[in-house]
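**Student:** Predicted model, plus sequence, below.
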Amino acid sequence: MALTGYQEQRAFLRRLFSAALAAVDPGLCLPPHLKDIASPRGRTIVVGAGKAAAAMALAVEQHWSGPLEGFVVTRYGHGLDCRKIEVIEAAHPVPDAAGAQAAARALALVKGLSKDDLVLALFSGGGSALLAAPVAGITFAQKQGINRQLLSCGASIHEINCVRKHLSAIKGGRLAAAAAPARIVTLALSDVPNDDASVIASGPTLLDPTTCANALEILDRYAIELPVAVRQGLESGAFESPKHAVSPGEFRLIGSAQQALAAAAEVARAAGVTPLVLGDAIEGEAREAARVLAGIASSCAAHGIPLTAPCVLLSGGETTVTVKGHGRGGRNAEFQLALALALGGDSHIHSLACDTDGIDGSEDNAGAIVTPDTLARARSKGLDARALLADNNAYGFFAALNDLVVTGPTRTNVNDFRAILVERRG
């Protein structure tokens with residue numbers, strides 16, 4: 001494939017991203033999982049949460065033959081019109097009152113069910129913040145404050161959700177405990193590295209392998225300020241998630257980062273570009289990950305190792321950002337700015353990094369694109385790339401260059417998608 005002109009490279013990277021999103025569209029990947037779920041003699045209750053929850057609910061409506069009732073909660077702006085399943089919206093990533101009300105309502109909805117009833121639980125990334133009932137003994141404001149600190153300290157999603165499960169009245173298997181003895185089938189779209197089922201939306205219907213001690217260790221390691229009631233509840237074990245009195249039922253993973261990356265790889269092959277999937281579970285500081293991937297891309301360009309050009313390096317996972325500045329960021333934009341600096345204007349490397357939900361952190365973009373002239377164009381506009389990175393202002397950097405990727409809500413979510421295109425020299 002002969003790639004000429006930066007517009008063509010941009011279009012190619014966008015095609016890879018579009019293929020990745022299509023592979024994890026709930027409208028396509030959820031229906032096959034409904035075919036062998038037997039309709040109950042009693043009621044079928046739908047309850048769910050996440051950035052993909054509305055699309056998942058619509059897919060269930062369109063492909064379930066029996067009666068349905070229930071609701072799902074999704075992020076503001078991510079809703080869809082459903083006829084049988086109510087869709088409500090709440091805040092993400094920091095919970096608000098609507099999320100707290102949704103959590104209380106979900107617990108009430110599943111209580112009093114019988115063994116003849118079925119609960120279809122629909123969860124995707126974002127569900128933790130969208131179902132936000134605090135455990136008895138702490139206030140909603142206290143939980144909000146801890147959540148804000150965790151989101152800016154560099155903690156991984158596994159660590160954040162471990163804490164969330166122990167400060168919640170619904171997560172960590174508590175929804176399943178409330179629904180007993182009804183049958184539960186959980187359909188999940190994974191946004192977590194390694195697709196750990198108990199971490200997706202903090203596992204409301206699944207047994208939690210973590211403990212209060214694990215949660216307290218995480219909070220102390222990141223020096224999170226804790227109200228006395230929170231520390232006492234964790235130290236005493238009063239906030240422990242249920243370990244034995246939960247029947248998690250059946251769990252089905254309907255979509256993952258690996259599926260998205262595989263679809264993008266197929267598009268690359270068809271275009272004559274060799275893909276290499278570096279992994280679907282890359283974590284750590286966004287700027288550190290960028291430096292590592294820049295080194296691999298540069299090796300491909302200069303030495304043909306580990307691949308000869310033209311090739312594309314694909315990866316997923318969830319990087320983190322330890323916020324020290326005051327700018328507008330998002331982990332994918334921060335990754336891209338650090339990558340551009342590490343590449344130093346290599347004339348053969350282009351990159352796209354986006355969040356598959358269409359929202360990079362809490363911004364209005366999915367991510368950003370880097371081209372060989374990114375740093376030169378920035379200098380011509382008087383932008384100091386290193387200073388903006390230090391201020392966590394990658395959004396401002398790419399907005400000034402018109403290089404943000406804006407998709408709007410995609411209503412799916414398998415976390416980060418990165419594609420680094422390496423062209424042949426000469």
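**Tutor:** Arrived safely. Numbers count the residues shown, from 1 in each chain.
**Student:** residues contacting the closest residue in space to residue 408 that isn't next to it in sequence?
**Tutor:** Once flanking residues are discounted, residue 408 sits nearest to residue 358: 5.6 Å by CB to CB, 6 or more residues apart in numbering. The way it works is simple: take the backbone N, C-alpha and C, and place the C-beta from them, glycine included. Taking CB atoms under 8 Å, 6 or more residues apart in numbering, we find residue 358 in contact with 366, 407, 408, 409, 410.
**Student:** any idea which element residue 358 lies in?
**Tutor:** According to DSSP states H and E, residue 358 maps onto no helix or strand at all.
**Student:** could you measure it against residue 89, distance?
**Tutor:** For residue 358, the distance to residue 89 (CB to CB, to the nearest Å) stands at 15 Å.
**Student:** Which two among the contacts of residue 358 are spaced furthest apart?
**Tutor:** The distance between the two most remote of the contacts of residue 358 (CB to CB) is 9.6 Å, for 366 and 409.
**Student:** between the two, who's got more neighbours?
**Tutor:** Neighbours per residue, other CB atoms under 10 Å: of residue 366 and residue 409, the larger number sits with residue 366, 27 against 21.
**Student:** so the more buried one sits right up against residue 412, yeah?
**Tutor:** No. With contact defined as CB atoms under 8 Å, residue 366 does not reach residue 412; the gap is 11.6 Å.
**Student:** Same question for the longest strand belonging to the chain: list its buried residues.
**Tutor:** Secondary structure of the chain per DSSP state E: the longest strand is strand 274-282. Judged by neighbour count (16 or more other CB atoms under 10 Å), strand 274-282 contains these buried residues: 275, 276, 277, 278, 280, 281, 282.
**Student:** For that strand, give the mean pLDDT please.
**Tutor:** For strand 274-282, the mean per-residue pLDDT is 96.
**Student:** Show residues contacting that strand.
**Tutor:** Against strand 274-282 from outside (CB under 8 Å, 6+ apart): 193-194, 256-258, 261-262, 264-265, 268-269, 289, 293, 296, 306-308, 310-317, 319, 416.
**Student:** what lines up beside that strand in the sheet?
**Tutor:** strand 311-317 (parallel) (DSSP bridges).
**Student:** mean confidence for whatever helix or strand comes next after the partner strand?
**Tutor:** Next along the chain after strand 311-317, taking DSSP H and E as the criterion, comes helix 331-343. The average of the pLDDT scores along helix 331-343 is 98.
**Student:** hmm, back to that, can you add secondary structure and distance to residue 117 and give the contacts of residue 358 back as JSON lines?
**Tutor:** Output for those, formatted as JSON lines (DSSP: H, G, I helix; E, B strand; the rest coil; distance: CB to CB, whole Å):
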{"residue": "366", "secondary structure": "coil", "distance to residue 117": "39"}
{"residue": "407", "secondary structure": "coil", "distance to residue 117": "38"}
{"residue": "408", "secondary structure": "coil", "distance to residue 117": "37"}
{"residue": "409", "secondary structure": "coil", "distance to residue 117": "32"}
{"residue": "410", "secondary structure": "coil", "distance to residue 117": "33"}
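**Student:** so what secondary structure elements neighbour the strand or helix carrying residue 251?
**Tutor:** Secondary structure from DSSP H and E places residue 251 in strand 250-255. The contact analysis (3 or more CB pairs under 8 Å, 6 or more residues apart in numbering; DSSP states H and E) places strand 250-255 against helix 26-29, strand 183-189.
**Student:** buried sites along the helix or strand following that strand?
**Tutor:** Per DSSP H and E, the first helix or strand lying C-terminal to strand 250-255 is helix 257-270. In terms of neighbour count (16+ other CB under 10 Å), helix 257-270 has its buried residues at 257, 258, 259, 260, 261, 262, 263, 264, 265, 267, 268.
**Student:** what residues are up against the closest residue to residue 89 other than its chain neighbours?
**Tutor:** The shortest distance from residue 89 to any non-neighbouring residue, by CB to CB, 6+ apart, is to residue 76 (4.7 Å). When contacts are counted by CB under 8 Å, 6+ apart, residue 76 is found next to 89, 90, 91, 92.
**Student:** how distant is stretch 283-293 from the center of its chain?
**Tutor:** Chain-centre distance of stretch 283-293: 17 Å, with CA atoms, centre = their mean, to the nearest Å.
**Student:** do stretch 161-178 as well
**Tutor:** Its chain's average C-alpha position is 19 Å from that of stretch 161-178, according to CA atoms, centre = their mean.
**Student:** hang on, the earlier thing: in ChimeraX, select just the buried ones from the contacts of strand 274-282.
**Tutor:** Buried residues among the contacts of strand 274-282 (16+ other CB under 10 Å), as a ChimeraX selection:
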select :193,256,257,258,261,262,264,265,268,289,293,296,307,310,311,312,313,314,315,316,317,319,416
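**Student:** what residues go with each domain of the protein?
**Tutor:** Domain assignment for the chain by automatic domain parsing gives 6-23+258-422, 26-255.
**Student:** which stretches of this structure form strands?
**Tutor:** Under DSSP E, the chain gives strands at 44-49, 69-75, 86-90, 118-124, 183-189, 250-255, 274-282, 311-317, 349-355, 367-370, 404-405, 416-422.
**Student:** Quick check: which ranges of this protein have low pLDDT?
**Tutor:** By pLDDT under 70, the low-scoring segments of the chain are 1-5, 245-246, 248, 426.
**Student:** got the buried residues for stretch 410-426?
**Tutor:** Using 16+ other CB under 10 Å as the test for burial, stretch 410-426 gives 410-423.
**Student:** Between all of the buried residues of strand 274-282, which two are separated the most?
**Tutor:** Between any two of the buried residues of strand 274-282 (CB to CB), the greatest distance is 17.4 Å, for 275 and 281.
**Student:** Tell me which residues are up against stretch 36-49.
**Tutor:** Residues outside stretch 36-49 that contact it (CB under 8 Å, 6+ apart): 56-57, 60, 64-74, 85, 102, 106, 109-110, 113-114, 116-124, 126-127, 130-131, 175, 182-183, 185, 201, 204.
**Student:** And residue 190, how far from residue 110?
**Tutor:** According to CB to CB, residue 190 and residue 110 sit 23 Å apart.
**Student:** Likewise for residue 233?
**Tutor:** For residue 233, the distance to residue 110 - CB to CB - is 24 Å.
**Student:** Report the contact partners of residue 89.
**Tutor:** Residue 89 neighbours (CB under 8 Å, 6+ apart): 73, 74, 75, 76, 77, 78, 79, 98.
**Student:** in the sheet, who's paired with the second one?
**Tutor:** Pointing back at residue 74 there. Applying DSSP bridges to residue 74 gives these bridge partners: residue 89.
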